[in-house]
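**Q** Sequence plus the predicted model coming up.
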2 protein chains.
Amino acid sequence: MSKSTNPKYLDISKEIIRRIESGELHPGDKVPSENELIKTYKISNTTARKSLLEVEINGWVSRVKGKGTFVLNRFQDKYLTRVLGSFEAIKESFNDNLIKEGFAPKNLILEKTIIENGISSNINGRHYIVEGPVLKIHRLRFADDMLLKDETRYISMKICPKINMLDLEQPLLKIYEEKYQLELNEVQRTLGTQILYPGEPGNFFENEMPLAVFVLDGAIFTSEGKIVELEKSYYRGDKYKFSVSAKPQLLKK
Amino acid sequence: MSKSTNPKYLDISKEIIRRIESGELHPGDKVPSENELIKTYKISNTTARKSLLEVEINGWVSRVKGKGTFVLNRFQDKYLTRVLGSFEAIKESFNDNLIKEGFAPKNLILEKTIIENGISSNINGRHYIVEGPVLKIHRLRFADDMLLKDETRYISMKICPKINMLDLEQPLLKIYEEKYQLELNEVQRTLGTQILYPGEPGNFFENEMPLAVFVLDGAIFTSEGKIVELEKSYYRGDKYKFSVSAKPQLLKK
């Protein structure tokens, strides 16, 4: 039924993608039609169809019924997708992520204070409390001068003494693990959504229209069940999506 | 430093929670203060403080500075939290979930049609296509007469022939696994957010104010990498939160 070992349609799709990546084909350009591919590569119409489908599946082009297949604008309406449920993904720095995606990141620290009393948060239906002293860092995270994330973190200074003295531009998870030798056991996150209206107090997004934002509440736990950090952040809903992949647990504990 | 084996403060917190659960203490009622607990149970002020903290951590009460500790209204402003990233949680039926949470679920099927052409969707930055025929089911999911979820599923009838003839009130994942003996390998989901305005075409939520909704795009894959189902659903953002827990991967493949 099916051919294996480097099928022809894959080679052709890769060639088309190469032409888009190199800039030979621009956003909005028409890519070769099925008939043109059949002529050029002496292939069947099934192979031609599969070639274009593969390029489409990979998100490079879009078919418009009766008009042809067009190169997509990779930057227009592009969402930054963040993986949830992966400890490894959480470790990556916000800035590195943006640089990878072709943006110039910029941070603005609005507040960096030590709170002597503890603070509390409601995550996944449970109420969590971190005893003081706690380092509060409130940062605005920009990409190409657009505010993407309004982030507040509360770090236990009982567990991480003097953390206020460190360079906190690095991923904080790395600091907890490497500088404080903490064995981190779990990250709990809850995503809500709300509307921020222009000019609302505490809204730093400078949106001119009502803006749907994601509200992320997070907690990071040590292997002893203690909370190292609580986070409360707002992500622009018109720029971000959150993704998660679930697989069946083959091994039951 | 710390006592083990059934600490006193836990016994006391359980007693307070029991009084709330039984209805002896109502939402808005003041629970005993630290001083009252000290007198009643002949305990230290540390133990009294920890008892109230435990009840608060469990989400039953809230402290108001200088006023006391009050029983929370468990139903007002309560969010329905859905676990992402768990295959097992996805298997649970929408209705059963609501019943568990004390609601009366109701469904309204708006559309149930067979689409001869395939359909496509963009999930986690990839473009997915399901070849036809595809069963489209568009359902409105209510709890206590409030629309919570506007759900559209596209099911491959190549993989699940005659699925339109089955009772689709059961969890669909169960049907795929049990009736069609499919080995499901992965569920991919992307969460976006947008604002639905009152009276907007396609908005079934009957909101009188702008409403932030979650937009869920999902795909379910068989072990052969084929897509059984694509989903596009809208959840009321003022009623739902999504949660996810990440643990470090101890075993690397």
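**A** All right, it came through fine. What you are looking at is a predicted structure, and each value in this text was computed from that prediction instead of being measured. Numbering: from 1, shown residues only, chains lettered A, B, ... in the order given.

**Q** domain assignment for chain A?
**A** According to the domain assignment given by automatic domain parsing, chain A is divided into the following structural domains: A:8-71, A:80-251.

**Q** Now do the first one: distance from first to last residue.
**A** For domain A:8-71, the separation between the terminal residues is 21 Å (C-alpha to C-alpha, to the nearest Å).

**Q** close to chain B, is it?
**A** Yes - judged by C-beta under 8 Å from any C-beta of the partner chain, domain A:8-71 comes into contact with chain B at A:53, A:56-59. From N, CA and C alone the C-beta is placed, and that goes for glycine too.

**Q** Please apply the same query to stretch A:177-187.
**A** Yes - between stretch A:177-187 and chain B, judged by C-beta under 8 Å from any C-beta, the touching residues are A:184-187.

**Q** Out of the residues you listed, which is nearest to chain B?
**A** Taking C-beta to the nearest C-beta as the measure, residue A:187 is the one of the residues of stretch A:177-187 next to chain B closest to chain B, at 4.5 Å.

**Q** mind listing the strands in chain A by residue range?
**A** A:61-64, A:68-71, A:80-83, A:105-115, A:119-123, A:126-130, A:134-143, A:146-156, A:184-196, A:211-222, A:227-236, A:240-246 (DSSP state E).

**Q** How about the residues of the stretch 151-253 of chain A by chain B?
**A** In this structure, the stretch 151-253 of chain A approaches chain B at residues A:184-195, A:210-214, A:237, A:240-249, judged by C-beta under 8 Å from any C-beta.

**Q** now the domains of chain A as CSV including mean pLDDT and distance to residue B:13?
**A** What follows is the domains of chain A, written out as CSV (pLDDT from 0 to 100; distance: least, C-beta to C-beta, whole Å):
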stretch, mean pLDDT, distance to residue B:13
domain A:8-71, 85, 52
domain A:80-251, 87, 13
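
**Q** quick one, which of the ones you listed is nearest to residue B:48?
**A** domain A:80-251 (16.0 Å; C-beta to C-beta).

**Q** Please name the bridge partners of the residue sitting nearest the centre point of chain A.
**A** To find the centre residue of chain A, average its C-alpha atoms and take the closest one (C-alpha atoms, centre = their mean): that gives residue A:82, at 2.1 Å. Using DSSP bridges, the bridge partners assigned to residue A:82 are residue A:242.

**Q** pretty sure it contacts residue A:242?
**A** Yes - with contact defined as C-beta atoms under 8 Å, residue A:82 and residue A:242 form a contacting pair (5.4 Å).

**Q** Who are the contact partners of residue A:154?
**A** Contacts of residue A:154 were listed using C-beta atoms under 8 Å, 6 or more residues apart in numbering or on different chains, and they are A:115, A:119, A:121, A:130, A:134-136, A:229-231.

**Q** Tell me, how many residues neighbour whichever residue of the stretch 1-150 of chain A sits closest to chain B?
**A** Of all residues in the stretch 1-150 of chain A, residue A:85 sits closest to chain B, with a separation of 3.5 Å (C-beta to the nearest C-beta). The local packing of residue A:85 (other C-beta atoms under 10 Å in any protein chain shown) involves 23 other residues.

**Q** which non-adjacent residue is nearest it?
**A** residue B:85 (3.5 Å; C-beta to C-beta, 6 or more residues apart in numbering or on different chains).

**Q** So the nearest residue to residue A:121 once chain neighbours are set aside versus chain B, what's the distance?
**A** Nearest non-adjacent residue to residue A:121, counting by C-beta to C-beta, 6+ apart: residue A:230, 4.8 Å away. When C-beta to the nearest C-beta, to the nearest Å is the yardstick, residue A:230 and chain B sit 13 Å from each other.

**Q** What's opposite residue A:230 in the beta bridge?
**A** Beta-bridge pairing of residue A:230, defined through DSSP bridges, involves residue A:154, residue A:219.

**Q** Now that it has come up, it's in contact with residue A:190, right?
**A** No - assessed by C-beta under 8 Å, residue A:230 is found out of contact with residue A:190, at 11.5 Å.

**Q** Now for the two: what residues contact both?
**A** Shared contacts of residue A:230 and residue A:190, defined by C-beta under 8 Å, 6+ apart, comprise A:123, A:217-218.

**Q** so can I have TSV of those residues showing neighbour count?
**A** As requested, the shared contacts of residue A:230 and residue A:190 are arranged in TSV below (neighbours: other C-beta atoms under 10 Å in any protein chain shown):
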residue	neighbour count
A:123	22
A:217	20
A:218	20
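
**Q** Nearest to residue A:165, out of those: which one, please.
**A** The shortest distance between residue A:165 and any of these, using C-beta to C-beta, involves residue A:218 and amounts to 23.6 Å.

**Q** That concludes my questions; thank you for your assistance.
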